[in-house]
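Enquirer: Provided below for reference: sequence and predicted model.
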Amino acid sequence: MRIGSVKEIKAQEYRVGLPPAAVREAVAHGHEVLIEAGAGIGAGFEDAEYTDAGARLVDDPAEVFAEAEMVVKVKEPQPSERAQLREGQVLFTYLHLAPDRPQTEDLIASGVTAIAYETVTDRAGGLPLLAPMSEVAGRLAPQTGAWTLQKANGGRGVLMGGVPGVRPANVVIVGGGVVGTAAARVAVGMGANVTVLDRSVPRMSYLDDIFQGRLTTQFSSAQAIDALLPTADMVIGAVLIPGAAAPKLVSRAQLGRMQPGAVLVDVAIDQGGCFETSRPTTHQDPIYEVDGIMHYCVANMPGAVPRTATQALSNATLPFVLALANKGWRQACEDDPHLLAGLNVHAGALTSYPVGRALEIDVVSPTLALKR
Ligand SMILES: NC(=O)C1=CN([C@@H]2O[C@H](COP(=O)(O)OP(=O)(O)OC[C@H]3O[C@@H](n4cnc5c(N)ncnc54)[C@H](O)[C@@H]3O)[C@@H](O)[C@H]2O)C=CC1
Ligand SMILES: CC(=O)C(=O)O
Ligand SMILES: [Mg+2]
């Protein structure tokens with residue numbers, strides 16, 4: 001198969017879909033790989049490393065979109081990229097369609113076969129292609145939140161770990177999955193007083209077990225969140241209902257119950273955000289204030305550490321890239337229901353029920369789509 005990857009054009013996104021190590025493996029499996037020149041520079045991968053790995057470099061991304069049978073990216077295709085997708089082509093990347101009607105409509109209109117990293121599943125009920133970036137974003141969340149808490153950035157001037165005689169920051173993490181656990185690990189390490197809320201009792205048992213009393217778990221109800229807001233210095237939004245728009249767990253009115261300069265870090269912003277006042281921001285301009293509360297809502301947080309993040313992402317995607325290339329998307333999805341769970345759009349139809357519900361668009365079942 002002819003596989004292609006381009007330089008990401010989303011603001012301040014320096015990750016790349018295929019690092020040289022992945023190119024080498026694809027080439028070893030007999031595939032041809034086209035890479036836009038400079039695609040890996042932001043993550044520290046030189047063009048020469050790509051040619052050494054067997055890639056053909058092209059200057060114009062349009063050549064990649066025109067020639068590749070499968071395009072492997074990181075971020076959802078931007079409007080100019082969507083215009084170049086076509087029927088019979090596979091797009092393998094993060095999509096986050098539920099909060100994004102324009103992208104969903106463009107992908108359907110293009111006829112492309114779009115497989116979303118974030119809805120591919122595994123046998124344990126996890127999301128193996130979201131998890132590596134959730135590990136990264138989760139670890140970043142307390143770090144960027146701590147920076148936002150600094151007075152000069154609009155925060156209330158509280159140090160995460162406090163100092164002897166002065167209490168540490170109160171950090172509330174809503175959602176104790178991969179992001180929430182990674183965020184808890186760093187926030188606990190920084191010395192903060194951490195509470196994690198989840199609706200899954202087994203998940204809270206797991207957290208209770210691994211953190212050995214260094215954090216508090218609490219069942220996530222509207223009442224529990226409301227009670228924690230007045231003393232929270234930082235609230236990290238880390239909930240997920242796979243494929244669906246994030247539930248709104250803190251309303252604008254509730255900001256009035258918080259301390260001025262407290263910080264909301266909405267990691268779930270890529271699924272629409274779990275705070276009513278969240279809107280996507282960029283690494284260039286990451287924070288804003290609403291009613292005295294600072295918001296950090298960068299939708300591609302791992303883009304801040306592209307070298308680590310590219311390698312972590314590719315470690316997880318490579319087996320699927322190879323399966324798709326070796327067998328073709330249809331056979332690969334027929335053989336692996338977990339990969340089929342990633343199919344969001346095919347041949348002019350939406351194939352994801354959570355996205356269909358969020359956007360009120362008719363859905364063709366993924367199993368039926370395999371036959372189209
Ligand atoms: N902004 C960014 O750059 C990035 C964002 N993300 C996003 O972070 C979010 C979380 O991802 P993961 O941790 O991998 O998901 P996950 O599935 O591992 O964890 C989500 C957790 O939320 C819990 N949950 C669901 N509803 C809840 C509620 N009402 N209250 C409390 N907990 C609730 C679930 O029980 C689960 O434990 C997703 O939206 C994901 O797309 C992930 C990586 C990067
Ligand atoms: C998960 C995701 O959207 C990201 O890593 O940017
Ligand atoms: Mg994202």
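Expert: Received the coordinates, thanks. Ligands and ions are numbered 1, 2, ... in the order given.
Enquirer: now the residue in the stretch 101-250 of the chain positioned nearest to ligand 2, nearest residue through space, not along the chain?
Expert: With C-beta to the nearest ligand atom, the shortest gap between the stretch 101-250 of the chain and ligand 2 falls at Met133, namely 3.4 Å. C-beta coordinates here come from the backbone N, C-alpha and C atoms, glycine included. Spatial nearest neighbour of Met133, excluding adjacent residues (C-beta to C-beta, 6 or more residues apart in numbering): Pro302 at 4.8 Å.
Enquirer: run a quick neighbour tally on the one you found.
Expert: 24 (other C-beta atoms under 10 Å).
Enquirer: cool, the one 10 residues further on as well?
Expert: Around Ala312 there are 18 other residues, counting by other C-beta under 10 Å.
Enquirer: what does Glu69 give?
Expert: Glu69: 17 surrounding residues under other C-beta under 10 Å.
Enquirer: then Met133?
Expert: Met133: 26 surrounding residues under other C-beta under 10 Å.
Enquirer: over to the one 3 residues further on?
Expert: A total of 24 residues lie near Val136 under the criterion other C-beta under 10 Å.
Enquirer: what sits against Ala369?
Expert: Taking C-beta atoms under 8 Å, 6 or more residues apart in numbering, we find Ala369 in contact with Leu343, His346, Ala347, Ala349, Thr351.
Enquirer: repeat the analysis, applying 6 Å as the threshold.
Expert: His346, Thr351 (C-beta atoms under 6 Å, 6 or more residues apart in numbering).
Enquirer: so what pLDDT did Arg372 get?
Expert: Here, the pLDDT recorded for Arg372 equals 88.
Enquirer: please name the nearest non-neighbouring residue to Ile225.
Expert: The shortest distance from Ile225 to any non-neighbouring residue, by C-beta to C-beta, 6+ apart, is to Leu249 (5.8 Å).
Enquirer: ah, wrong one, I meant Ala109
Expert: Gly348 is the one closest to Ala109 (C-beta to C-beta, 6+ apart), at 7.4 Å.
Enquirer: test my guess that the one you found contacts Val112.
Expert: No - using C-beta atoms under 6 Å, Gly348 is not in contact with Val112; the gap is 9.2 Å.
Enquirer: tell me which of the two has more neighbours.
Expert: For Gly348 versus Val112, the count of surrounding residues by other C-beta under 10 Å is larger for Val112: 24 against 14.
Enquirer: verify the stated contact: that one with Leu91.
Expert: Yes - at 5.2 Å, Val112 counts as touching Leu91 under the criterion of C-beta under 6 Å.
Enquirer: from Leu249, how far off is the one residue in the chain that gets nearest to ligand 1?
Expert: Using C-beta to the nearest ligand atom, the single residue of the chain nearest to ligand 1 is Gly177, 1.7 Å away. Using C-beta to C-beta, to the nearest Å, Gly177 is found at 14 Å from Leu249.
Enquirer: of these two, which one has the most company?
Expert: Neighbour tally, Gly177 and Leu249, criterion other C-beta under 10 Å: the higher count belongs to Leu249, 22 against 19.
Enquirer: my guess is the more buried one meets Cys274, correct?
Expert: Yes - Leu249 lies in contact with Cys274 (C-beta under 6 Å); the separation is 4.9 Å.
Enquirer: mind listing what Val290 touches?
Expert: Each residue near Val290 by C-beta under 6 Å, 6+ apart is listed here: Thr277.
Enquirer: mind checking pLDDT for it?
Expert: On pLDDT, Val290 comes in at 98.
Enquirer: go on, Gly243?
Expert: Listed pLDDT for Gly243 reads 84.
Enquirer: then the one 3 residues further on?
Expert: pLDDT recorded at Ala246 is 96.
Enquirer: does it sit in a helix, a strand or a coil?
Expert: Per DSSP: H, G, I helix; E, B strand; the rest coil, the secondary structure class of Ala246 is coil.
Enquirer: what are the phi and psi values for the residue of the stretch 101-250 of the chain closest to ligand 2?
Expert: Per-residue torsions, Met133: phi -80, psi -30 (degrees, to the nearest 10).
Enquirer: now the strands for the stretch 101-250 of the chain?
Expert: Assigned by DSSP state E, counting those that start in this stretch, the stretch 101-250 of the chain shows strands spanning 113-116, 170-174, 193-198, 216-219, 234-237.
Enquirer: deepest of those, which one?
Expert: By mean neighbour count, with neighbours taken as mean count of other C-beta atoms under 10 Å, strand 234-237 ranks first of these at a mean of 29.
Enquirer: pairing partners for that strand, with directions?
Expert: Next to strand 234-237 in the sheet, as set by DSSP bridges, lie strand 170-174 (parallel), strand 263-266 (parallel).
Enquirer: the residue of the chain closest to ligand 1 - nearest residue in space that isn't next to it in sequence?
Expert: What sits nearest to Gly177 in space, not counting adjacent residues and going by C-beta to C-beta, 6+ apart, is Leu240, at 6.1 Å.
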